[in-house]
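# Compute the structure for the input listed below.
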Amino acid sequence: MAILSGQLSRLPVAMLILSLPLCSHAAQQDDVLPPPPDAQSLNPSAPFHLSLVFNQWDSGVVVPVTQRSGQFFVSRADLQRAGLPGDKFSHEEVNVSALNGVKTQYDSAGQRLLMEVPNDWLPSQAIALGKQEASFKPLSGSGALLNYDVYANHTQNSGAQASVWHELRVFSGNLSLSSTGTWRQDFSGYDAGGTEGYLRYDTTLTGTDEDEIISWSAGDVVSGALSWSNSVRMGGISIGRDFSLRPDLITYPLPAFSGEAAVPSTVDVFINGYRSGSTQLQPGPFTLTNLPYINGSGDAVLVTTDALGRQVSTTLPFYVASQLLKPGLSDGAFTLGSLRRDYGIDNFSYGPAAVSGSYRYGVNDNWTLESHAEGAQSLVLGGIGTLVKLGRFGVVNGAYSRSEMRGESGQQMNWGYQYNTEWFNIGTQHSHRDRGFGNLALYDSPDMYDENNQPIASLSRSTDQYSLSFNLGSYGNLGAAWIDIRSFDNEKTQLLNLSWSKNLWGNSSFYLAASHDPAQNGWSLALSLQVPFGTENSAAFSVESTPDAGSTQRVNYNHAMPSNGGFSWNLAYAHQSDADDYQQATLGWRNNKVELQGGVYGQRDNLTQWGEMSGSLVMMDNTLLAANRINDAFMVVSTDGYRDVTVNFENQPAGTTDDDGYLLISGVSSYYPANYSINTLNLPADTRIKETERRVALRRHSGYFLNFPMEQQRAASVILQDSNGNDLPVSSQVYRALQPPSPVGYDGIVYLENLSDVNPLTVTLPDGKRCSTQLTLDKNPDRKLKTYGPLICRDGA
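Model (predicted):
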């Protein structure tokens, strides 16, 4: 630096002044770096692996993306895999930046390729609203059931009689054999027209197939029928579709609401003002299905909300007709056998052979076809019907049948209309027949003729029914109906009925009805007032007036049977203008094994005393159990011999197990997955339980044996101390032969299971030292958890 200064000092001043700027500029040129190279110029094709995002919705698909000259290229197959339609792209490698109607942006921080595409490019979404219940396969065990009802009465001046009704049912798997009948005995001059002895009703073997939704019966069966045909009793076989095997299946078409979402949104659905569900939507077209069970006309409001809180509300009207079948769904039944005669009079009386069949098919959401046929040696009948939904304006139905029976031919025509809304319902049904029309209901009737040589047993010539009802909100419900039935001998039955009902304070209700028969003079009137007192008591007041029976004023007080058993009673008194006053008193009692009832009713000089006992007996697991009458299915719960264990049915106590560890639950609905559990608080402390809760669905008219496995184990708490009387330290490990180690807790206490009478114990301390002791158990008849010790753990291996 000094040499430079010396040289500069010899230069002229002017040159020095001129030189200084030149030196400064040269120094600046040396300090400035050249600009960085352009990556695009060095590599014009840059590959990336990016997540594809469409209209703010992340597809979750990461694909290779190539950038060339600021343009992004994605393979056609990768775009299809992410959900875009392949027919929108003409090349295997697609320049997404140059697509019409598409905006593309590269998100370097999130390593995403953001694309704005038309909504119709995005995949359509079919979203089921509501909670989807898990499917439970119905179960059935093997056993036998006897339902019984014993009834006896005695009437002044008329004698006494007793009867026993029974249903004997044997079941196994998907088969069930049932037989019903009544035994009757008269006493002390009772005259019932010679109906004493045993009378058989029905004996039927039934099978079910829940997968195919089909059931079949053999024995005494009832033929299937449509709304415009008749059922008959037959002895034979019957097979057909049975939707009751699948109560979770909706057989009629429900509305499906469609729309489009521009960005990820939330949609809330309101049906007739009530919120029915909410779900998340991806961008693009969507269809909402699985709406709640609704019927009739209504409005659905769809409210979509995006991430910024902006809402769009759309109102969509709909009409649901439960009479229709879903498109492609079929229903039908076929019956073959002999016509049943003298049902309820003769045990075994069957007539000529016959066949009957019905079939229904859902063509589309608005159209269902129906057909019916019957046949016998001298009978041929065929008919076809239809149901059509008129958009939002209800459903029309029509049917035409033609028959030829014993040389006489005839036809039948049926039609009607139904329209239901939240505020009013209207319906009409009509049927007209020729005199020669016949079917199986008439085929086996006695050959009786009138003075014109026309058969007495015949169907009506015409039937016309009209009904109308209004929901007036806080003003109650108003209804009207007109029935007009005419026979072939010009007799007619006409009836006009008007009614009005309204809920009052609490759960009280008022009902008023009036009916008029043009063939009689005057009106029949009835009004009643129901007043509840709590959940089990209620009083009722009613007044009735008829042209032929005068007026009646009645008061009734009722104490309902508690759900868990107990006493019930009923008192009634009626003042009759044209007869002696009527009085009634009933007392009942029920537990989980039997129900008893008895009482007195009638007029002052003609009282009837009666008594009744009903229930059921069940044989399962080689054990005979008693319960209330079982109309459908039942469950036998076993606790492996442990008594007094509380069993819960649908989270409500159903009773406690008996001395053998059994409890029979009788009020079970078939095909419903009910929850069964046990309360473990009453179990001994040394009981080990593998499971305490099960959800089970039962087959129709069957029972199931549900066992909660339990086992007794010998367990105890032990206090361990060293030779100095100090508690063994926490985390010491206690070892026993063929058992896992057990840790020592605070205060030297260790919990041990699976113990024997004598138990050698080896303890490893945290510092690695060992000691040993021995636990000898005492007798424990009460099976309570005991604490032993302190035991001294001696040093040594």
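
# switch to C-alpha atoms for all contacts and neighbour counts from now on
OK.

# tell me, what residue is most central in the chain?
Centroid-nearest residue in the chain, with C-alpha atoms, centre = their mean: D248, separated by 5.3 Å.

# Return the set of buried residues in stretch 733-743.
Neighbour-count burial for stretch 733-743 flags 733-735, 741-743 (criterion: 16 or more other C-alpha atoms under 10 Å).

# just stretch 244-258 next, same as before
245-246, 251-255, 257.

# roughly how far is it from the heart of the chain?
How far stretch 244-258 lies from its chain's middle: 12 Å, per C-alpha atoms, centre = their mean, to the nearest Å.

# Was I right to think A77 contacts E92?
Yes - counting by C-alpha atoms under 8 Å, A77 does reach E92; the two are 7.4 Å apart.

# which of those two has more neighbours?
Set side by side, A77 and E92 show more neighbours around A77, with 15 against 12, by other C-alpha atoms under 10 Å.

# List the residues that contact that one.
For A77, the contacting residues are 86, 92, by C-alpha atoms under 8 Å, 6 or more residues apart in numbering.

# rerun at 10 Å
63, 84-86, 92-94 (C-alpha atoms under 10 Å, 6 or more residues apart in numbering).

# Go ahead and list the helix or strand containing it.
helix 76-82 (DSSP states H and E).

# And that helix, what's buried?
Of the residues in helix 76-82, 76, 78-79, 82 count as buried by neighbour count, 16+ other C-alpha under 10 Å.

# Now do the buried residues in the following helix or strand past it.
Downstream of helix 76-82, the first helix or strand assigned by DSSP H and E is strand 93-95. Buried positions in strand 93-95, judged by neighbour count with 16+ other C-alpha under 10 Å: 94-95.

# quick one: the helices in the chain?
Secondary structure of the chain (DSSP state H): helices at 2-10, 13-31, 39-42, 76-82, 440-443.

# tell me what the last one is packed against?
Contact analysis of helix 440-443 by 3 or more C-alpha pairs under 10 Å, 6 or more residues apart in numbering; DSSP states H and E lists strand 330-340, strand 350-364, strand 367-376, strand 379-389, strand 395-405 as its packing neighbours.

# contacting residues around that helix?
Counting by C-alpha under 10 Å, 6+ apart, 229-233, 339, 351-352, 354-356, 374-381, 405-406, 455, 457-459 sit against helix 440-443.

# how about 8 Å then?
Helix 440-443 has contacts (C-alpha under 8 Å, 6+ apart) with 230-232, 354, 374-376, 379, 405, 457-458.

# picking up where we left off before, so what's in contact with A77 and E92 at the same time?
Contacts common to A77 and E92, judged by C-alpha under 8 Å, 6+ apart, are absent.

# Low-confidence regions, the stretch 1-150 of the chain specifically.
Residues of the stretch 1-150 of the chain that meet the criterion pLDDT under 70 lie in 1-44, 130-135.

# do the chain as well
1-44, 130-135, 189-194, 292-293, 446-457, 782-783, 796-797.

# now S176, nearest residue through space, not along the chain?
T206 (5.2 Å; C-alpha to C-alpha, 6 or more residues apart in numbering).

# Likewise for D605?
Q156 (7.4 Å).

# got it, and W415?
Counting by C-alpha to C-alpha, 6+ apart, W415 lies nearest to G398, which is 4.1 Å off, once chain neighbours are set aside.

# isn't V150 right next to W165, touching?
Yes - the criterion here is C-alpha under 8 Å, and V150 meets it with W165 at 6.6 Å.

# follow-up on the earlier one: and of the helices and strands packed on helix 440-443, who's closest to A674?
A674 sits nearest to strand 330-340 of all the helices and strands packed on helix 440-443, at 28.0 Å, using C-alpha to C-alpha.

# Return the distance of that closest one from the chain's centre.
Its chain's C-alpha centre and that of strand 330-340 lie 29 Å apart, by C-alpha atoms, centre = their mean.

# tell me the angle of that strand relative to strand 367-376?
Orientation check (axes from the mean of the first three to the mean of the last three C-alpha atoms, to 10 degrees): strand 330-340 against strand 367-376 gives 20 degrees.

# who does strand 330-340 touch, helix- and strand-wise?
Where contact means 3 or more C-alpha pairs under 8 Å, 6 or more residues apart in numbering; DSSP states H and E, strand 330-340 is packed against strand 233-241, strand 350-364.

# what does the last one rub up against?
Residues lying outside strand 350-364 but in contact with it, judged by C-alpha under 8 Å, 6+ apart, are 223-226, 234-235, 324-341, 368-377, 440, 444.

# 7 Å - rerun?
With contact meaning C-alpha atoms under 7 Å, 6 or more residues apart in numbering, strand 350-364 is reached by 223-225, 324-341, 368-376.

# That one: which residues count as buried?
Neighbour count says strand 350-364 has 350, 353-364 buried, by 16+ other C-alpha under 10 Å.

# relative to strand 367-376, how tilted is that strand?
Using the same axes, to 10 degrees: strand 350-364 against strand 367-376 is 160 degrees.

# Between strand 379-389 and strand 350-364, find me the angle.
Computed by the same axes, to 10 degrees, the angle between strand 350-364 and strand 379-389 is 30 degrees.

# In its sheet, which strands sit next to strand 350-364, and in what direction?
strand 330-340 (antiparallel), strand 367-376 (antiparallel) (DSSP bridges).

# Can you say which of those is nearest to T687?
Comparing the strands paired with strand 350-364 by their distance to T687 (C-alpha to C-alpha), the top pick is strand 330-340, with 52.0 Å.
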